[in-house]
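Visitor: Generate coordinates for the sequence data below:
(one chain, ligands or ions: 3)
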Amino acid sequence: MTALTLSTAAAPGLRADAIVIGVAKGGKGPVVAPGAETVDQAYDGRLAAVLETLGASGAEGEVTKLPAPAGFKAPVVVAVGLGAEPEDDGAHGAETLRRAAGVAARTLAGAKKAAFALPVDGAGAVGAIAEGVLLGAYSFDTYKQAPQGAAAKKNGRAPLGEAVLLGGRPRDAAHKAALERATSVAEELNRARDLINTPPNDLDPAAFAAIAEEAAKQHGITVQVLDPAALRKGGYGGILGVGAGSAAGPRLVKLSYRHPEAAKHLAFVGKGITYDSGGISLKPAGHNETMKCDMSGAAAVFAAVVAAARLGLAVQITGWLALAENMPSGSATRPGDVLRMYSGKTVEVLNTDAEGRLVLADALWAASEEKPDAIVDVATLTGAMVLALGNRTFGVMANDDAFRAAITDAAEEVGEESWPMPLPEHLRKGMDSPTADISNMGERMGGGLVAGLFLREFVGEGITWAHLDIAGPAFNEAGPFGYTPKGGTGSAVRTLVRLAELTAAGDLG
Ligand code: BES
Ligand code: ZN
Ligand code: ZN
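Guide: Ligands and ions are numbered 1, 2, ... in the order given. As a prediction, this is how the structure comes out:
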């Protein structure tokens, strides 16, 4: 990953491949953002005019490259758009800086070192820029042959090697802490992206469990893996039913992190379908090519638990990864089969493609047995949620309105887009089954909410619970934007980490 340092040095003397500056969209054209004063001076105060001549407006995401002024050690200035100027002389928001830093870091792929002269008015800005750089520089090239010969020069786009954050004070405790937090969160988030992007022939449930086990050991997290034999012994009919058609058996991974001074216990539960073919209710071509992303919830939970441990948060967190591969075969669960779930309830499986709720049901019940203060599950659960909220926003459902609001607030704080969704009682009867206690299908309309209502049935009595449907934002099939790459995004990781921080601080529940 990109190496990060803080420096109070001035831009002109810095030996780097590029200096990154911010440019905002003012009423009368582009405005050079604070932090770039020495650069502007070197252009005799005409940098805004130069940028305008080059076509820059300061719009968010815009990149303008220009030769550095005489006397600069770096050859190039990269001006990145920040969007509208803050009102009333205020500072640029954290998310604006995070996105701009991300765009610049991605643009600078192939460069060894860049200095970031973006507006820094405190530790919050340092953390945001650091996070933006580390997340924006991410690339997944494990499966690409290294370019050779002339192609290496042309296409050798390794991630930016090193970023110096100007205006960040290396001896300021708050600045240093912000940098360390950003590094821990971004490293784990990028690891979640790697897991999501890894093709399903290389990441089956056993492989995912082994990676989780290894990381947990490194960070003082206790880990327990239930293999198919243990799942059978325990009666985990949901996870076993979904995994029944695959040659790669399912796993339930339990990650336990506990700070000695923890007062509260959070449980995070992640949907970990390493590949969702739909099973016997097979998805048609065009709907399964990206279904390696169906373990994004489990990847987010895994990343958040490890990040919380690295940050040493004063909280207890149990992470549950419900891992299975949903495949059709002679041993697969059929539409019409009835599963006996870990909770004891029976489920008539009417559509094997509604598998996420089945694995989550078992994990939610297992999580409930420990009576945590709250449970949050994360899942790429329904196409309906994508239709409702689009590709950048996850839906939040809960059995407690205040908790749901706390989650959408936490998401906003860290720069993740989310929206509260209801759990309308009248949709429950659509899941009545003539044969079993409940079926895994309900009305088509409001499918995301139906799925939420199904999950609610498997949350222990009296436990505060929320469900994050990240089917839209988990995997970016379009081009990169801000600090979000193509492919696995790491959706929900930062929201979960923020919830853990708020809980540790006693500010939640
Ligand atoms: N993994 C899918 C949901 C999904 C869709 C995730 C698009 C990411 C992008 C899930 O298992 C699924 O297939 N859900 C069905 C449920 C239906 C059969 C009730 C759906 O949404 O169509
Ligand atoms: Zn499915
Ligand atoms: Zn699925």
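Visitor: quick one, what contacts the residue in the stretch 251-400 of the chain positioned nearest to ligand 3?
Guide: With Cβ to the ion, the shortest gap between the stretch 251-400 of the chain and ligand 3 falls at residue 276, namely 3.8 Å. C-beta here means a position set from N, CA and C on the backbone, and glycine is covered the same way. Neighbour list for residue 276: 283, 288, 291, 294, 326, 353, 355-356 [criterion: Cβ atoms under 8 Å, 6 or more residues apart in numbering].
Visitor: let's see 10 Å
Guide: The contact partners of residue 276, by Cβ atoms under 10 Å, 6 or more residues apart in numbering, come to 200, 242, 283, 287-288, 290-295, 324-327, 352-353, 355-356, 380.
Visitor: most residues in a single helix of the protein, which one?
Guide: If you go by DSSP state H, the chain has its longest helix at helix 173-197.
Visitor: where's the residue of the stretch 251-400 of the chain closest to ligand 3 relative to residue 90, distance?
Guide: 45 Å (Cβ to Cβ, to the nearest Å).
Visitor: Also residue 381?
Guide: The value you get for residue 381 to residue 90, if Cβ to Cβ is used, is 38 Å.
Visitor: Can you pick out the residue with more neighbours from these two?
Guide: Neighbours were counted for residue 381 and for residue 90 using other Cβ atoms under 10 Å; residue 381 has more, 29 against 9.
Visitor: how about that one, what does it touch?
Guide: Counting by Cβ under 10 Å, 6+ apart, residue 381 touches 271, 294, 297, 354-357, 360, 395, 397, 447-448, 451-452, 454-455, 467-471.
Visitor: Okay, and which of those residues map to strands?
Guide: Secondary structure from DSSP state E places 271, 395, 397, 467-469 of the contacts of residue 381 in strands.
Visitor: Of the residues you listed, which ones also sit close to ligand 1?
Guide: Filtering the ones in strands among the contacts of residue 381 for proximity to ligand 1 by Cβ under 6 Å from any ligand atom leaves nothing.
Visitor: These: which ones sit near ligand 2?
Guide: The subset of the ones in strands among the contacts of residue 381 within reach of ligand 2, by Cβ under 5 Å from the ion, is empty.
Visitor: Emit the ChimeraX select command for whichever of those residues are buried.
Guide: Per 16 or more other Cβ atoms under 10 Å, the buried members of the ones in strands among the contacts of residue 381 correspond to this ChimeraX selection:
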select :271,395,397,467,468,469
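Visitor: In the stretch 251-400 of the chain, what residue comes closest to ligand 1?
Guide: residue 383 (3.4 Å; Cβ to the nearest ligand atom).
Visitor: Past the helix or strand of the chain with the lowest mean pLDDT, which element shows up next along the chain?
Guide: Across the helices and strands of the chain, mean confidence by mean pLDDT, DSSP states H and E is lowest for helix 150-155: a mean of 56. Later in the chain than helix 150-155, the nearest helix or strand by DSSP states H and E is strand 162-166.
Visitor: Spatially nearest residue to residue 114 (excluding sequence neighbours)?
Guide: residue 18 (4.6 Å; Cβ to Cβ, 6 or more residues apart in numbering).
Visitor: likewise residue 258?
Guide: Nearest to residue 258 is residue 316, by Cβ to Cβ, 6+ apart, at 4.4 Å.
Visitor: What parts of the stretch 151-300 of the chain come near ligand 2?
Guide: So the stretch 151-300 of the chain meets ligand 2 at residue 276 (Cβ under 5 Å from the ion).
Visitor: Pick out the residue in the stretch 151-300 of the chain sitting closest to ligand 2.
Guide: residue 276 (4.4 Å).
Visitor: give me the beta-bridge partners of that residue?
Guide: Beta-bridge partners for residue 276, by DSSP bridges, are residue 326.
Visitor: Distance-wise, check it relative to residue 243.
Guide: According to Cβ to Cβ, residue 276 stands 12 Å off from residue 243.
Visitor: what's the overlap in contacts for those two?
Guide: Listed as contacting both residue 276 and residue 243 by Cβ under 10 Å, 6+ apart are 324-327, 355.
Visitor: Kindly provide the whole-number mean pLDDT of stretch 71-89.
Guide: Throughout stretch 71-89, pLDDT has a mean value of 94.
Visitor: next one: stretch 480-489
Guide: In the prediction, stretch 480-489 has an average pLDDT of 98.
Visitor: now do stretch 100-120
Guide: 97.
Visitor: Could you do stretch 344-357 as well?
Guide: Stretch 344-357 comes out at a mean pLDDT of 98.
Visitor: Could you export that stretch as PDB, CA atoms only?
Guide: C-alpha atoms of stretch 344-357 as PDB (Å, rounded to 0.1, in the frame of the first residue of the first chain):
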ATOM      1  CA  GLY A 344     -35.400 -24.600  15.400                       C
ATOM      2  CA  LYS A 345     -37.800 -22.800  13.000                       C
ATOM      3  CA  THR A 346     -38.500 -24.600   9.700                       C
ATOM      4  CA  VAL A 347     -38.200 -22.800   6.400                       C
ATOM      5  CA  GLU A 348     -39.800 -23.900   3.100                       C
ATOM      6  CA  VAL A 349     -37.300 -22.900   0.400                       C
ATOM      7  CA  LEU A 350     -39.400 -21.700  -2.500                       C
ATOM      8  CA  ASN A 351     -36.500 -20.000  -4.400                       C
ATOM      9  CA  THR A 352     -32.900 -21.200  -3.900                       C
ATOM     10  CA  ASP A 353     -31.700 -17.800  -5.100                       C
ATOM     11  CA  ALA A 354     -33.000 -16.200  -1.900                       C
ATOM     12  CA  GLU A 355     -30.100 -17.900  -0.100                       C
ATOM     13  CA  GLY A 356     -28.600 -15.000   1.800                       C
ATOM     14  CA  ARG A 357     -31.400 -14.800   4.300                       C
END
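Visitor: Check whether that stretch comes near ligand 2.
Guide: Yes: Stretch 344-357 lies within reach of ligand 2 by Cβ under 5 Å from the ion, at 353, 355.
Visitor: Now do the buried residues in that stretch.
Guide: Buried positions in stretch 344-357, judged by neighbour count with 16+ other Cβ under 10 Å: 345-350, 352-357.
Visitor: Once you drop chain neighbours, what's closest to residue 379?
Guide: Nearest to residue 379 is residue 271, by Cβ to Cβ, 6+ apart, at 3.5 Å.
Visitor: dump the residue contacts of that neighbour.
Guide: 294-301, 321-324, 355-360, 363, 377-381, 469-471, 474.
Visitor: one more time with 6 Å
Guide: Applying Cβ atoms under 6 Å, 6 or more residues apart in numbering to residue 271 gives the contacts 297, 356, 360, 379.
Visitor: As JSON lines, these with distance to ligand 3 would be great.
Guide: Shown next, in JSON lines, are the contacts of residue 271 (distance: Cβ to the ion, whole Å):
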{"residue": "297", "distance to ligand 3": "10"}
{"residue": "356", "distance to ligand 3": "4"}
{"residue": "360", "distance to ligand 3": "10"}
{"residue": "379", "distance to ligand 3": "8"}
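Visitor: Quick check: which of those residues are also close to ligand 1?
Guide: With Cβ under 6 Å from any ligand atom as the criterion, the contacts of residue 271 include residue 356 near ligand 1.
Visitor: what's the closest of the contacts of residue 271 to residue 488?
Guide: residue 297 (11.9 Å; Cβ to Cβ).
Visitor: Looks like that closest one contacts residue 378 (just checking).
Guide: Yes: in terms of Cβ atoms under 6 Å, residue 297 counts as a neighbour of residue 378; the distance is 3.9 Å.
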